[in-house]
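In: Fold the following, please.
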Amino acid sequence: MSGLGFERVLTGFALVLVLTAGGALADADDTTALETAVTEEGVPVPEAANVPAPTLTDIGPIRGSVDTGPTLQAAEKAPEAKETAPAPSTTASTPAPKEEPAPAATATIAVPVTDVPFPEPANVPPPTVKDIGKPVLANLGAVDLPIAEKLRDKVTGGLARAVDRKKDRDAVIAFYTGRLFAPLWIENGAANARAKSVTAQLAAADAEGLDPADYPRPDFKAGAEPDALADAELRLTVSVLNYARHAQTGRAHYSRIASDIAYNLVYPEPADILTSMVETKNAGDALAAYNPPHDGYKALKAKLAEARGQKIDAGPARIAAGPVLKVGMNDGRVPQLRERLGVSGESGTTYDKALSEAVKKFQRGRDLSPTGTLTSATVDALNGGGGRQARHREADIIIANMERWRWLPRDLGKAYVMLNIPNYTLKVMKDGAPIWNTKVVVGKAHTPTPILTETMKYITVNPTWNVPPSIVQNEYLPALAQDPTVLARMGLKVSYNRDGSIHISQPPGDGNALGRIRFNFPNKFLVYQHDTPDKHLFAHDRRSYSHGCMRVENPFKYGEVLLSIALPKENYTQERLRRMIGSSEQNITFPTPIPVHITYQTAFVDEHGKLVLREDIYGRDSRTLAALRGEERRYADIAVEHRRADNSSRPQAARLPGGRPQQWNQGYSFLDRLFR
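Out: From the prediction side, this is the model:
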C-alpha cells in the first residue's frame, strides 16, 4: 500500500475522533468537501451521532510502541487512492502532505509518553457532609421525603442547639448521613413502632429510679409541618442517648458525692446506642437493657414499686409529746409505744429494758443516736413512721441506692468479694451465690472507708504496719512531744530518711494493728482488709471505728475461702495459714486476681425478700439525692475535680520536736487519714 494511502487512513481515523467528540467544523462547505474526499479514497465515514467516543483501548498501548499490524492489513485490502488526488484536510490552508514510502505491514508507530500524561492520584480524604453540600436523600415516599430534607438541613447545618454534647453530635451526624437522612422514628409522617416503644420506656423512667422529665418525649402530630417533625425526630434521638448514658453509668457522677469514691465507669458509645435502636426488634427493650443487670438492683426496683404503690393513710395514732424516758421510768405512753414497736410485756406503764432495746433498734434505723432513751426526736420519727412521709423517705433511700448500683461494673466477676459499709458485713460470692460472710469494722464518719472496685492480688501473713501520715501527725507526734519513750513502749519503731523525714512502723507480732494477716487490693486510697487485735469491737452493732481500712472478724477463714478460689490445688486451710505466723512477712500471690467491691448500701433486699434499711453513716444518701434533684442536675453526670482548700495537692509537712519535718509521701488528701 502506498504511503499516501496509509496517511489517508490515519487522517480518516483522526476525523472520526473529531466527529465523535462533538467538534463542529468551522465551515459547512469545507465539511462537505472533506466527506467527499474521504469517500473517494474508499474510507467510509459513519454518521457522527452513531459513533461511540474512542477510548485508549481503541488506539492501542500508549507507553512504548503501538502495534498497528491489524490496521495496516485492513488498509491494504482497501482500494488504493489515486496518486493525483489531493490529501484531505480540515482547513483550506492546510497543505497536502508529502508522499512518503509505504511502511511495512508490521510497522509500529512510536507514541511519546508525554502525549498522554498519567498524574499520580492525589492523597485526598473522603468527602464530608460539608464537602458535598446538599447530600442525596434516601428513597422515601412523598410524605417522608420533605421530613428527610429538613432533617438533612438541620444535621448538616450544625446541631449545637439540639445536641449539646460534642460526642453525641458527631455520632448523630454520622448516623443520619449514613442513612441518607431517612428518619429513625418516623414513617409515613407519623411515629413508627420503634418510636412508640422507646417513648414508653422513657415515660417509665421513674420505675428505674430516674426522672422522666430528663428525657423529653416529643409529640409526632399527624399532619405536622416537615420542619416540626424533623425537630421531634432529633429531640427523641437526644432523649434516647441521655437515657442510655444515665441508665448505664448514673445520673450523678460519683465525684459529685464525695472525693473518696472511685469506679471505672464505662460509658456507652452514642453510635452503638443508635445502631442498637435500628438492629433490635424491640427498641424499648434495647433501651431498658442499659440499666444494671444485677439481682441486687432488680430487687430494689421491685421494692421501689412497692413503696410507691402502697396505700398511704393517716397511719397509727400519734404518740404524744412528753418527758424523756429512761429505763425504770413510768409513763402513760408506754403501752402505745409497746404496740407500735411490737414489744410484749407485762410491766404496765414502766419503760423497761426490753422496750429500751426496741427503741434503740428503731433509732439506729432512723439515723438517730441509738441510746435506747425515748427522746423528742425519737417520738417525732415514730409519728412519721406510718404515713406519707415515711413512704416518700423509703422511696428516696431506694433511689439513692439504685443510683450507686449504676457505678458498679456490669460484670462483678464469677467469684468476687462484696463489702457493704452501712451493714458492716463482707460476703464472698461464687457463681452468683454467697459462699461465706463475716462481720467487719469500717471507717469512722470523719475517716470513712472509700467506695471502690479493685482486684485482690495477694495476701500477706505477718504484715508490717507502716503508720499513715494522719496518725503520725494527729496522734503520735503530740504524744512523742510529751513523752519521748511513748512510741518505744507501744512497740513502734521510728526511723529517718536521708532528708530527715520520719517514718514510724510496727513490726509483725500479736499486738500489730493489722493483726496477723492482711488482704491486699492495691488502690489509690491505700486501704485494705486485715486482721485486728481488737476482737471485742465485733460484738457492737455499729462498727465504724477505723481510720478507713476494713477489719475482718474471721480473717484466717476468710483467707482459706479466698485461696480455695485463687489456688484450689494448694489446699490452704486456716490451720496452714496459722502455721505461717512468725516474725517476717510472707506473701501469697493470686494467679488470677479476685474482684473486690466496696459498696455503700443503705437499702438492700435480704435473702428472705425483705427490704432492709441501714443508717447512712457517711451521709451519702442525702448528697446523692441532692445531686439528682439540685440546680446542677442538667450536667450532674459530668465529673468534678476535688482539691484541698488551699488548692494544693500535697498536705503541709508535719515537724517532729526539734524542727525536723514529717515527710508526706502521697498526693491524695484522703490518704492522710487512712491506714496504708
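
In: Any regions of the stretch 101-250 of the chain where pLDDT drops low?
Out: 101-134 (pLDDT under 70).

In: Which residue ranges of it form strands?
Out: 108-110, 186-187, 190-191 (DSSP state E, counting those that start in this stretch).

In: So what touches the last one?
Out: This means strand 190-191. 185, 199, 220, 222 (CB atoms under 8 Å, 6 or more residues apart in numbering). Placement of C-beta: from N, CA and C, glycine included.

In: wait, isn't the second one in contact with R235?
Out: No. Taking contact to mean CB atoms under 8 Å, the distance of 11.1 Å between T199 and R235 leaves them out of contact.

In: Neighbour count for those two, which is higher?
Out: Using other CB atoms under 10 Å, the more surrounded residue of T199 and R235 is T199, with 22 against 18.

In: Next up, the contacts around the more buried one.
Out: So T199 contacts 191, 217, 236 (CB under 8 Å, 6+ apart).

In: Summarise which helices and strands the longest strand along the chain is packed against.
Out: What stands out as the longest strand in the chain, according to DSSP state E, is strand 586-599. If you count contacts as 3 or more CB pairs under 8 Å, 6 or more residues apart in numbering; DSSP states H and E, strand 586-599 packs onto strand 415-420, strand 451-461, helix 555-566.

In: wait, D616 sits on R623?
Out: No. D616 lies out of contact with R623 (CB under 8 Å); the separation is 9.5 Å.

In: Would you mind measuring from I319 to A381?
Out: With distances taken as CB to CB, to the nearest Å, I319 is found 10 Å from A381.

In: Same check on D531?
Out: D531 is 38 Å from A381, by CB to CB.

In: And those two? Which one has more around it.
Out: Set D531 next to A381 and count neighbours by other CB under 10 Å: D531 wins out with 23 against 18.

In: pLDDT value on that one, please?
Out: Note on D531: pLDDT of 96.

In: Contacts only, for the most centrally placed residue in the chain.
Out: Nearest to the mean C-alpha position of the chain, counting by CA atoms, centre = their mean, stands Y267 at 1.3 Å. By CB under 8 Å, 6+ apart, the residues touching Y267 are 245, 248-249.

In: the longest helix in the chain is where?
Out: Using DSSP state H, we find that the single longest helix of the chain is helix 226-249.

In: Flag every buried residue along that helix.
Out: 226, 229-249 (16 or more other CB atoms under 10 Å).

In: ok, now stretch 399-416?
Out: Buried residues in stretch 399-416 (16+ other CB under 10 Å): 399-409, 412-413, 415-416.

In: And for stretch 202-220?
Out: For stretch 202-220, burial by neighbour count (16+ other CB under 10 Å) applies to 202, 205, 207-210, 212, 214-215, 217-218, 220.

In: how about the strands in the stretch 451-600 of the chain?
Out: Ranges of strands within the stretch 451-600 of the chain are 451-461, 465-466, 493-496, 502-506, 517-520, 529-530, 544-546, 550-552, 586-599, based on DSSP E, counting those that start in this stretch.

In: What ranges in the stretch 301-450 of the chain fall below the confidence cut-off?
Out: Along the stretch 301-450 of the chain, the parts satisfying pLDDT under 70 run over 310-316, 346-347, 367, 384-391.

In: what are the ranges of the strands in it?
Out: Taking DSSP E, counting those that start in this stretch as the test, the strands found in the stretch 301-450 of the chain are 415-420, 425-430, 433-443.

In: Next, the angle from the last one to strand 586-599.
Out: Orientation note: strand 433-443 sits at an angle of 90 degrees relative to strand 586-599 (axes from the mean of the first three to the mean of the last three CA atoms, to 10 degrees).

In: Check the second one too.
Out: Inter-element angle recorded for strand 425-430 and strand 586-599: 100 degrees (by the same axes, to 10 degrees).

In: And the residue nearest to the centre of the chain, how close does it get to S259?
Out: Counting by CB to CB, the gap from Y267 to S259 is 21 Å.

In: List the contacts of D352.
Out: 327-328, 345.

In: out of these, which are buried?
Out: For the contacts of D352, a neighbour count by 16+ other CB under 10 Å gives an empty buried set.

In: Out of these, flag the one nearest to T455.
Out: V327 (48.8 Å; CB to CB).

In: The nearest residue to the closest one once chain neighbours are set aside: neighbouring residues, count only.
Out: Using CB to CB, 6 or more residues apart in numbering and skipping the chain neighbours, the partner closest in space to V327 is S356 (5.0 Å). As a burial measure, S356 scores 19 neighbours (other CB under 10 Å).

In: What distance do you get for S356 to H540?
Out: Separation of S356 from H540 (CB to CB): 17 Å.

In: Then G559?
Out: G559 is 24 Å from H540, by CB to CB.

In: Over to K493?
Out: Per CB to CB, K493 is found 31 Å from H540.

In: Same check on K427?
Out: 19 Å.

In: Of the two, which one has the most company?
Out: Set K427 next to H540 and count neighbours by other CB under 10 Å: K427 wins out with 15 against 12.

In: Quick check: of the contacts of D352, which lies closest to H446?
Out: Once CB to CB is applied, the member of the contacts of D352 that ends up nearest H446 is V327, at 30.9 Å.

In: per-domain residue ranges of this structure.
Out: 3-115, 145-292, 408-458+514-618 (automatic domain parsing).

In: gap between the two ends of the longest one?
Out: What it means is domain 408-458+514-618. End-to-end distance for domain 408-458+514-618, by CA to CA, to the nearest Å: 19 Å.

In: chain center to that domain: distance?
Out: For domain 408-458+514-618, the separation from the chain centroid amounts to 27 Å (computed by CA atoms, centre = their mean, to the nearest Å).

In: re the thing from before, ok, and which of the strands of the stretch 301-450 of the chain has the densest surroundings?
Out: Of all these, strand 415-420 has the most neighbours on average by mean count of other CB atoms under 10 Å, namely a mean of 22.
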